[in-house]
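1. Coordinates only, no sequence provided:
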């Protein structure tokens, strides 16, 4: 297998591990700010943010259903999905990426995979909790997927993401749209989903999410709606893509689309 260097990827991967309270976050954020001052771009990714396994992990941990083997498999799936869909494309493009994760073992696997792809010097991993993130204004893009409907205070989380962005930086969140009825069937029928975990979906209506962005101090807020069925359902049952394509051609269904993408800018 070729290394990232042999593949001529311009991106670099940086990883950090350590015990809780050891100062990892403080030091890595200082380094990140320094790199940004050198004109380098940074992307941040965190543990258990892959839509493929996020709900299953939360449900399994709360109900104490996970054995060491299943927990390791879920972690591996989470990193593989984020690595292929988010990290490698950015590393190929020359970005530096920060990946946040609670598991040092999972971070080690990510680092190993990045090195195998020749991207090890462009990825930095951080063991920590996204809700305690305060990197101090260094990123061009702060990107969250299905994050906000799992936190207790969306405005506070968005304010933290805003602080993580440099002046002129962008905060983008991809969230489910509760106005789409397919989510209710999917969460109810999927044995890996739980309304106890996903109940935040009920309050993240499109106009509320836009309002939360503005309350968090973000400007130039825009929203895009797309898709007819939940992304996880399409991933599990690819045959739904044909149905979605037909439904997307029906006029007047924009507000009922399954996914909402909201973007805001940090002006100051």
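-> All right, it came through fine. This structure is a prediction, so every number in the text was calculated from the model and none was measured.

2. Doesn't residue 56 belong to a strand?
-> No: read with DSSP: H, G, I helix; E, B strand; the rest coil, residue 56 is helix and lies in no strand.

3. host element of residue 222?
-> Using DSSP states H and E, residue 222 falls within strand 219-226.

4. Show me which residues of that strand are buried.
-> By 16 or more other CB atoms under 10 Å, the buried positions in strand 219-226 come out as 221, 225. To be clear about C-beta, it is placed using only N, CA and C from the backbone, and glycine gets the same treatment.

5. Off-centre distance for that strand?
-> Taking CA atoms, centre = their mean, to the nearest Å, one finds strand 219-226 lying 17 Å from the centre of the chain it belongs to.

6. Check which helices and strands the strand ranked longest in the chain is in contact with.
-> If you go by DSSP state E, the chain has its longest strand at strand 165-176. For strand 165-176, the elements it packs on are strand 139-145, helix 154-164, helix 206-215, strand 259-265, judged by 3 or more CB pairs under 8 Å, 6 or more residues apart in numbering; DSSP states H and E.

7. Tabulate these in JSON lines, adding columns for distance to residue 250.
-> Output for these, formatted as JSON lines (distance: least, CB to CB, whole Å):
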{"stretch": "strand 139-145", "distance to residue 250": "26"}
{"stretch": "helix 154-164", "distance to residue 250": "30"}
{"stretch": "helix 206-215", "distance to residue 250": "18"}
{"stretch": "strand 259-265", "distance to residue 250": "16"}
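
8. Need the pLDDT of residue 158.
-> Residue 158 carries a pLDDT value of 94.

9. Residue 141 versus that one, what's the distance?
-> For residue 158, the distance to residue 141 equals 14 Å [CB to CB, to the nearest Å].
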